[in-house]
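Asker: Any chance you could fold what I've pasted below:
(one chain, ligands or ions: 1)
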Amino acid sequence: MKWSRDISVVGCHAEGEVGRVITGGVLPPPGETLFEQKTHLQNQGDDLRRFLIKEPRGGAFVHCNLVVPPRSPETQAGFIIMEPTDYPPMSGSNSICVATVLLETGMIAMQEPVTHLKLDTPGGVIAVEAECADGKCRSVRTTNVPSFVVKLDASCKVPGVGEITLDIAYGGAFFAIVDARAVGLDLTRENARRLVETGEAIKEAARQQHPVVHPENPGIRDITFVQFTEPVREGADGYKEGRNTVVISPGKLDRSPCGTGTSARLAVLSARDEIKPGETYVSRSILDTRFICRIEAVSTLDDGTVAIVPSLKGRAWITGLHHYGLDPEDPFPEGYTLTDTWYRAL
Ligand SMILES: O=C(O)[C@H]1NCC[C@@H]1O
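Answerer: The predicted model follows:
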């Protein structure tokens, strides 16, 4: 075997959603901030993401996180999130995978029973509280970046679907949030393909009809995800509970309850006075896995926009230790996609 590249990756999933973590073989990209480093990766060939996420090394369900030295004060490490078509500024499921891998592999020393960390992301600094026992992370609570509403009850004309109403909110990426009843689809595993098709059509229309820009970072713009929701109800344990599924381009559903999507939804619920700071909110995925969430604080952005600071608690499990390599004779150094499993070719 003769490789021109050898990248060490720890396989992991958080509540069903894959979040692989690159722990070796890649130097930190240049940049003063994580956002600049992410932009460098994106604009300078995008080869690392394509190498690890596209087939034959990855698949439509794969996310990868590059661990980098921290840049912001008081943080212990940073990570840059790579998804099938995007580099989202933050990601809930990926943050839980990264924290679990950092602690369970000893890259950062674990303190039992609770380890507190601050991690740098392109979207800002997040706080992590990991409950740990016997060398394992039993849960990870991520306190996310400020999350806020952009529009409530906006109208959107979607080819093949009709005119629908949606909310637009930021939770670490911009989401268009749609009541699943408006498109006549229940959030079931059997409907996964139809949810993807409808979600991608809505995303395309919503991006054109509702351009959005983050008030504090104009580099963060445009709707990245469509989230379908079921109404909030009281769950078996007496807490408010809501199911959702988030469509991730080019066409798969988030298997976890989507931390950034839930953060955006909490901003909407808060703006409608349907949830109060400190109240427990259980966010459920299409697989019925859960994040236990709450609004930790209310704040304002530089331009006066009201924001919430949400947290989400879930668990991740390490699935494997891998080395991904490139044989110089391999005809697919940048990978490939086919519409059988990728929905849309990239
Ligand atoms: O939990 C989240 O925020 C994410 N899960 C995959 C897509 C989103 O980044």
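Asker: tell me the contacts of residue 62?
Answerer: 18, 20, 52, 53, 84 (Cβ atoms under 8 Å, 6 or more residues apart in numbering). Placement of C-beta: from N, CA and C, glycine included.
Asker: How about the first one: which residues does it bridge to?
Answerer: The reference is to residue 18. Beta-bridge pairing for residue 18 (DSSP bridges): residue 13.
Asker: still on that earlier bit, closest one to the ligand out of the contacts of residue 62, please.
Answerer: Among the contacts of residue 62, residue 18 lies closest to the ligand (Cβ to the nearest ligand atom), at 8.8 Å.
Asker: The residue sitting nearest the centre point of the chain - nearest residue in space that isn't next to it in sequence?
Answerer: Nearest residue to the geometric centre of the chain (Cα atoms, centre = their mean): residue 91, 2.9 Å. Nearest in space to residue 91, with sequence neighbours left out and distances taken as Cβ to Cβ, 6 or more residues apart in numbering, is residue 81 at 4.7 Å.
Asker: pLDDT at that neighbour, what is it?
Answerer: Confidence at residue 81, expressed as pLDDT, is 98.
Asker: residues touching residue 49, list them.
Answerer: Applying Cβ under 8 Å, 6+ apart, the residues near residue 49 are 41, 42, 64, 82, 87.
Asker: what about the second one, how many residues close to it?
Answerer: Other residues near residue 42 number 16, with proximity taken as other Cβ atoms under 10 Å.
Asker: Isn't it up against residue 86?
Answerer: No: with contacts counted by Cβ atoms under 8 Å, residue 42 stays clear of residue 86, the gap being 9.1 Å.
Asker: that older thread, is the ligand within reach of whatever helix or strand the residue nearest to residue 91 lives in?
Answerer: Using DSSP states H and E, residue 81 sits in strand 77-82. No: for strand 77-82, no contact with the ligand is found by Cβ under 6 Å from any ligand atom; the gap never falls below 6.5 Å.
Asker: For residue 170, which non-adjacent residue is spatially closest?
Answerer: Once flanking residues are discounted, residue 170 sits nearest to residue 148: 5.4 Å by Cβ to Cβ, 6+ apart.
Asker: Which neighbouring elements make contact with the host helix or strand of that neighbour?
Answerer: Residue 148 belongs to strand 148-158 when assigned by DSSP H and E. Other elements packing on strand 148-158 under the criterion 3 or more Cβ pairs under 8 Å, 6 or more residues apart in numbering; DSSP states H and E are strand 162-170, helix 192-209, helix 259-271, strand 306-314.
Asker: buried set for it?
Answerer: 148, 149, 150, 156, 158 (16 or more other Cβ atoms under 10 Å).
Asker: Equivalent analysis for stretch 322-341, please.
Answerer: For stretch 322-341, the neighbour count (16+ other Cβ under 10 Å) marks 324, 325, 326, 335, 337 as buried.
Asker: Could you export those to CSV, including columns for secondary structure and pLDDT?
Answerer: Shown next, in CSV, are those (DSSP: H, G, I helix; E, B strand; the rest coil; pLDDT from 0 to 100):
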residue, secondary structure, pLDDT
324, strand, 97
325, strand, 96
326, strand, 96
335, coil, 95
337, coil, 97
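Asker: Take those and write them to CSV, including distance to the ligand.
Answerer: As requested, those are exported to CSV (distance: Cβ to the nearest ligand atom, whole Å):
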residue, distance to the ligand
324, 20
325, 26
326, 26
335, 20
337, 18
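Asker: Write out the residues of the stretch 1-150 of the chain neighbouring the ligand.
Answerer: 17, 88, 91, 92, 93, 94.
Asker: ok, which pair from those residues is furthest apart?
Answerer: 17 and 88 (12.8 Å; Cβ to Cβ).
Asker: So these two - more neighbours on which side?
Answerer: Higher neighbour count among residue 17 and residue 88: residue 17, with 30 against 23, using other Cβ under 10 Å.
Asker: OK, contacts around the nearest residue in space to residue 78 that is not next to it in sequence?
Answerer: Leaving aside its sequence neighbours, residue 78 sits nearest to residue 120 (Cβ to Cβ, 6+ apart; 3.4 Å). Taking Cβ under 8 Å, 6+ apart, we find residue 120 in contact with 34, 68, 70, 71, 72, 75, 77, 78, 79.
Asker: Can you give me the neighbour number for the third one?
Answerer: It stands for residue 70. Residue 70: 16 neighbours (other Cβ under 10 Å).
Asker: Let me see the contact set for it.
Answerer: The neighbourhood of residue 70, defined by Cβ under 8 Å, 6+ apart, consists of 76, 77, 78, 119, 120.
Asker: Look up the pLDDT of it for me, please.
Answerer: So residue 70 comes in at 91 (pLDDT).
Asker: before we move on, the earlier item: of the contacts of residue 70, closest to residue 316?
Answerer: residue 119 (13.9 Å).
Asker: show me what contacts residue 52?
Answerer: 7, 9, 20, 22, 58, 62, 64, 82, 324.
Asker: just checking, which of these belong to strands?
Answerer: When DSSP state E is applied, these are split such that 7, 9, 20, 22, 64, 82, 324 fall in strands.
Asker: so which pair among those is furthest apart in space?
Answerer: Spanning the widest gap among those are 82 and 324, at 13.1 Å by Cβ to Cβ.
Asker: Check for me that residue 66 belongs to a strand.
Answerer: Yes: looking at residue 66 with DSSP: H, G, I helix; E, B strand; the rest coil, it is inside a strand.
Asker: Do a quick rundown of the strands in the stretch 101-250 of the chain.
Answerer: Using DSSP state E, counting those that start in this stretch, the strands assigned to the stretch 101-250 of the chain run over residues 114-121, 124-133, 136-143, 148-158, 162-170, 174-179, 213-214, 217-221, 223-229, 233-234, 240-248.
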